[in-house]
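# Need a 3D model of the following:
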Amino acid sequence: MRGVAYSQMEVMCYGPLKGYGSSEPDWKSIESMIERFSKDETAPQEWMQKYAEWFAAAKVWYEGNTERIKAWQAQCTQIHQARLADPEYQKQIQVRKAHMKQLHTPA
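Alright, predicted model coming up:
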């Protein structure tokens with residue numbers, strides 16, 4: 001994971017908040033992967049210690065993700081409303097729809 005926090009790897013993790021069931025990572029699988037790839041290192045215990053620290057921070061972020069999701073959804077809504085009110089953007093959408101229709105119309 002090379003020092004990259006889980007919160008940076010998976011910026012948005014919806015989980016059951018969007019009806020997708022659990023999108024929680026398979027922590028055991030990640031741990032076994034770390035063990036597998038670090039066993040030939042000169043100090044595999046250091047790798048497992050780093051993983052333990054990464055895992056603790058990842059769990060805190062994952063479990064505290066609900067406010068982040070609400071903020072992200074609010075931002076998406078704001079962007080969507082701005083696009084709906086933008087005539088140039090709407091024109092581009094219509095051009096694209098016409099182009100797609102032309103591509104899918106039998107000759």
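
# in this protein, which helix or strand is least confident?
When the helices and strands of the chain are compared on mean pLDDT, DSSP states H and E, helix 6-9 comes out lowest with a mean of 69.

# next SSE after it?
Sequence-wise, the next helix or strand downstream of helix 6-9 (DSSP states H and E) is helix 27-38.

# what are the C-alpha coordinates of the helix or strand just after that next one, in CSV please?
Next helix or strand after helix 27-38 toward the C-terminus (DSSP H and E): helix 44-63. C-alpha atoms of helix 44-63 as CSV (Å, rounded to 0.1, in the frame of the first residue of the first chain):
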residue,chain,number,x,y,z
PRO,A,44,8.3,-9.0,7.6
GLN,A,45,7.3,-8.0,11.2
GLU,A,46,7.8,-4.4,10.2
TRP,A,47,5.4,-4.8,7.3
MET,A,48,2.8,-6.4,9.5
GLN,A,49,3.2,-3.6,12.0
LYS,A,50,2.7,-1.0,9.2
TYR,A,51,-0.3,-2.9,8.0
ALA,A,52,-1.8,-2.9,11.6
GLU,A,53,-1.4,0.8,11.7
TRP,A,54,-2.9,1.2,8.2
PHE,A,55,-5.7,-1.1,9.1
ALA,A,56,-6.6,0.8,12.3
ALA,A,57,-6.8,4.1,10.4
ALA,A,58,-8.8,2.4,7.6
LYS,A,59,-11.4,1.0,10.0
VAL,A,60,-11.8,4.4,11.6
TRP,A,61,-12.3,6.1,8.2
TYR,A,62,-14.6,3.3,6.9
GLU,A,63,-16.9,3.4,10.0
